[in-house]
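predicted model and sequence follow; I will ask about them next.
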Amino acid sequence: MPASALPVVVVAAVIVRGDAVLACRRAAHKDAAGRWEFPGGKVEAGETPQGALARELREELGVDVRVGALLDRTVTGTVDLACYGATLAGPPPASSTDHDALEWRRPGALAGLDWAPADLPVVAVLAALPWAELTAAASGAGRPTDEATDEAMDEEPR
Ligand SMILES: Nc1nc2c([nH]c(=O)n2[C@H]2C[C@H](O)[C@@H](COP(=O)(O)OP(=O)(O)OP(=O)(O)O)O2)c(=O)[nH]1
């Protein structure tokens, strides 16, 4: 397989705050403009997934987060998307360099948004996950799967 056909490894955060999670709409200057996603970005050489995620959220949303457990990792076309639960370590974001809308939504209300195709698996996971399990996963105290986060990232994605 040529290198260009390999999926790009992307990490994203399901930030839990109050009774909601943060959904973000990609701005006009980004590819897939207008689609909703969880904030994050591409993992750079030498970065851990968690380190890449913390860097991306600082860069685009100006927030510090604690990264919790892996919620879902699925390859869709050319995107290998790993979504982690996370909590804010400071104030919530006021704006984004990459998004033109930020919405806090209950997990059951996420399905009404026009998601990037790669996000649909994690949106389904979130809709089915009991709230207590999601908050535990976001704070890193519990895991929705039997796999430890790092072990799961070492494995082949679905
Ligand atoms: N961040 C993020 N990207 C996603 C998600 N779902 C999805 O298909 N993508 C795609 C869109 C892009 O093709 C790619 C990540 O792009 P990005 O623009 O967020 O990443 P980045 O900041 O590192 O990229 P760049 O613009 O600096 O090159 O993954 C998601 O939930 N979050």
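Received, thanks. Worth saying up front: this structure is predicted, and the values here are computed from it rather than measured. Numbers count the residues shown, from 1 in each chain.

please name the nearest non-neighbouring residue to E103.
In this structure, E103 finds its nearest non-sequential neighbour in A23, 5.0 Å apart by CB to CB, 6 or more residues apart in numbering. For every residue, glycine as well, the C-beta is placed using N, CA and C.

the host helix or strand of T87 near the ligand at all?
Assigned by DSSP states H and E, T87 belongs to strand 79-88. Yes - contact of strand 79-88 with the ligand (CB under 6 Å from any ligand atom) involves V79, L81.

next helix or strand past that strand?
Next along from strand 79-88, by DSSP H and E: strand 99-105.

show me which residues of that next one are buried.
Buried residues in strand 99-105, counting neighbours by 16 or more other CB atoms under 10 Å, are found at H99, L102, R105.

mind putting those into a markdown table with pLDDT?
Formatted as a markdown table, the buried residues of strand 99-105 follow (pLDDT from 0 to 100):
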| residue | pLDDT |
| --- | --- |
| H99 | 98 |
| L102 | 98 |
| R105 | 98 |
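
now do the buried residues in the top strand by length along the chain.
Longest strand in the chain, counting residues (DSSP state E): strand 65-76. By neighbour count on 16+ other CB under 10 Å, the buried set for strand 65-76 is V65, V67, G68, A69, L70, L71, D72, R73, T74, V75, T76.

residue of this structure with the smallest distance to the ligand?
Among all residues of the chain, G41 sits closest to the ligand, at 2.9 Å; criterion: CB to the nearest ligand atom.
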